[in-house]
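1. I'd like to go over a predicted model; first the sequence, then the structure.
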Amino acid sequence: MAVDVVAPMPGTIAEILVSVGDEVQADEELIILEAMKMENPIVAPKSGKVTEIKVDEKDKVDTNQVLLVLE
């Protein structure tokens, strides 16, 4: 079952730490989101495989915007 990983707050994508096809574990850092001059790690809500990345580094994102998809 696919799970959307979303931005918890508006910000800028500072770094993408995974690639499509990567197997990740629950709580593994996936993306670094810069918001209010702080770097906030976005972690995997569950173990799975990255099937889609919907953002690029330096993209501005809004709260609840889908960043990537895990299966």
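-> Perfect, I can see it now. Numbering: from 1, shown residues only.
2. tell me how far the residue minimising distance to the centre of the chain lies from Val43.
-> By Cα atoms, centre = their mean, the mean C-alpha position of the chain lies nearest to Ile31, the distance being 4.3 Å. According to Cβ to Cβ, to the nearest Å, Ile31 stands 9 Å off from Val43. Placement of C-beta: from N, CA and C, glycine included.
3. so what's the residue nearest to the centre of the chain bridging to?
-> Ile31 forms beta bridges with Ile16, Ile42, as assigned by DSSP bridges.
4. and it, what is it in contact with?
-> Val5, Ile13, Glu15, Ile16, Leu17, Val18, Pro41, Ile42, Val55, Leu67, Leu68 (Cβ atoms under 8 Å, 6 or more residues apart in numbering).
5. which pLDDT value goes with it?
-> pLDDT recorded at Ile31 is 98.
6. likewise for Val3?
-> pLDDT, Val3: 96.
7. assign Thr63 to helix, strand or coil.
-> At Thr63, secondary structure determined by DSSP: H, G, I helix; E, B strand; the rest coil is coil.
8. and the end-to-end length of stretch 3-23?
-> Taking Cα to Cα, to the nearest Å, the first and last residues of stretch 3-23 lie 14 Å apart.
9. quickly list what the residue nearest to Asp4 when sequence neighbours are not counted is bridged to.
-> Nearest non-adjacent residue to Asp4, counting by Cβ to Cβ, 6 or more residues apart in numbering: Val66, 4.6 Å away. Beta-bridge partners for Val66, by DSSP bridges, are Val6.
10. now the buried members of the contacts of Ile31.
-> Using 16 or more other Cβ atoms under 10 Å as the burial test, the contacts of Ile31 include Val5, Ile13, Ile16, Val18, Ile42, Val55, Leu67, Leu68 as buried.
11. could you export those as CSV, including distance to Val24?
-> As requested, the buried ones among the contacts of Ile31 are exported to CSV (distance: Cβ to Cβ, whole Å):
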residue, distance to Val24
Val5, 10
Ile13, 17
Ile16, 12
Val18, 6
Ile42, 11
Val55, 16
Leu67, 13
Leu68, 10
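12. no further queries at this time; thank you.
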